[in-house]
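Asker: Task: produce atomic coordinates for the following.
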Amino acid sequence: MSAVGVEIPGYGIVGRAPVTLTLVHAVALLLAVVSLAVVFWHGLEERGVALAFGILIAVGELTRWSGAEEREAAPLAAAGALAYALLGENAGHHTDHGVLEIVAVVVAAALIGCVPHVARGRGPTADHLTRRVLTVAFAAVCFQPLYNQGRLTGWSGPSYALLLVSLLVLTALCDAVLAAAMAHARTRWPFGPLLRDELRATLGIGSAVCATGAVMSLAVAVVGLWALPVFSLPLLLTQLSVRRFAAVRVTYRQTIASLARATEIAGYTPAGHARRVAALSRAVGRELGLSEPDLTILEYAALMHDIGQLSLVDPVPAGATSTLSADEQRRIALLGGAVVRQTGVDAEVAVVVERQADPYREQPVTARIVRAVNAYEEMAREAGPGGPLTALEKLRLATARDYQPEVVESLARVLLRGSLTLPQAG
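Answerer: Below is the predicted model:
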């Protein structure tokens, strides 16, 4: 097993990358090295085409946004690489570049474009480069041998365009499967929900990448390499819009986190309690296979789950609401939901906050997760060095009414991958 893992603040490492993930990286590295070596030895067949697409891909990587939440942070580089892989003609003239030349140019350009990001300590991950190499190689293998052997000579007009679009869709699906498989290997989260989230992301910026890649390939075949800068502009504008939307989402989350800290500042809850509950709740939600939108609602609700305590005259000792009576817990939850609604946060978040004190059979799954994780964090903090195991045992004993057994067991699996690390304050 590899030592690489995913860290949840206050809970240590919750996932480890197996040898299979290292093997996928090794395959991509071997393909890249072989391609570069072959091109270095034999030279480039289409130097002008390689230079034009190499510059486009490098610029795409240079404009890569390290803080992007989208699955594809460098859409221009992805579109340029796919267009290069599916390029058969340049201004009506047949091209002679092969699969290895395409992979070599993409690898070299991507590495050049990554230099400034690496210098700032925000370089692309190995997963990002691995996916780029393997997906480009897949598209090139599907297209270039058939085209160079003349088997696509009879394809023209709409049929040829449909072929390119079909290959791009197939490549996007393979990329989604690869990304989900790599994430599953690294984190051990359920593969199905990960694949679903990848496919949903593909319908967003991924569809623009595929469409731009197809248009670039067709345009270069007719008018030549001058088509590249013309058709790059719309995708750059789309990327700018995605950045702004992502920035709004980040600001929105920071606002919610600031509101959640009100209970800590007022002395009602321990420092970092809401952040730890939110991080662990999201991990448990991943373990249970929740979709990305549900995980967002879950995280926001977990951050604000204690905000109803601001209505209390006398603070609960250590903010441990799990020790209160059911009626008192429900009253605090309803008051918290009312506060959340007044802040303008999504109504679904308010519902989760309001329902967290109900019997679990009457709760939505997000509320079940928040309640179980909050109780665990409070119990583990109070029980001392043996707190995690003691808290889990108490949760298991209360699964008849208070906590859903599946949620408790998912929590146990997440904590087991983190060696049952005791939550830390702050």
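Asker: Please make it C-alpha for all contacts and neighbour counts, starting now.
Answerer: Fine.
Asker: on contacts alone, who are the packing partners of whichever helix or strand residue 254 is part of?
Answerer: Using DSSP states H and E, residue 254 falls within helix 227-260. If contacts are counted by 3 or more CA pairs under 8 Å, 6 or more residues apart in numbering; DSSP states H and E, helix 227-260 sits against helix 75-85, helix 207-223, helix 292-303.
Asker: hey, where'd the strands end up in this protein?
Answerer: Taking DSSP state E as the test, the strands found in the chain are 5-8, 12-16, 89-90, 93-94.
Asker: what is the rounded mean pLDDT of stretch 365-379?
Answerer: Mean pLDDT, stretch 365-379: 89.
Asker: could I get the helices and strands packed on helix 227-260 as TSV with mean neighbour count and mean pLDDT?
Answerer: Shown next, in TSV, are the helices and strands packed on helix 227-260 (neighbours: other CA atoms under 10 Å; pLDDT from 0 to 100):
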stretch	mean neighbour count	mean pLDDT
helix 75-85	29	92
helix 207-223	22	90
helix 292-303	23	90
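Asker: can you list those in CSV and add distance to residue 388?
Answerer: Listed next are those as CSV, based on distance: least, CA to CA, whole Å:
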stretch, distance to residue 388
helix 75-85, 43
helix 207-223, 45
helix 292-303, 19
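Asker: closest to residue 191 out of those helices?
Answerer: helix 292-303 (13.4 Å; CA to CA).
Asker: That closest one vs helix 227-260, what angle?
Answerer: Helix 292-303 and helix 227-260 are oriented at 30 degrees to each other (axes from the mean of the first three to the mean of the last three CA atoms, to 10 degrees).
Asker: Tell me which other helices or strands helix 292-303 touches.
Answerer: Partner elements for helix 292-303 (3+ CA pairs under 8 Å, 6+ apart): helix 227-260, helix 273-288, helix 347-355, helix 365-382.
Asker: Can you get me a residue count around the closest residue in space to residue 88 that isn't next to it in sequence?
Answerer: Spatial nearest neighbour of residue 88, excluding adjacent residues (CA to CA, 6 or more residues apart in numbering): residue 95 at 5.7 Å. Using other CA atoms under 10 Å as the criterion, residue 95 is surrounded by 18 other residues.
Asker: And residue 95, how close does it get to residue 50?
Answerer: 11 Å (CA to CA, to the nearest Å).
Asker: which residues sit against stretch 141-157?
Answerer: Identification of contacts with stretch 141-157 by CA atoms under 8 Å, 6 or more residues apart in numbering yields 85, 86, 87, 88, 96, 98, 99, 167.
Asker: Sorry, slip of the keys, the one I care about is stretch 253-264.
Answerer: Under CA under 8 Å, 6+ apart, the answer for stretch 253-264 is 269-272, 274-275, 300, 303-304, 306-307, 309-310.
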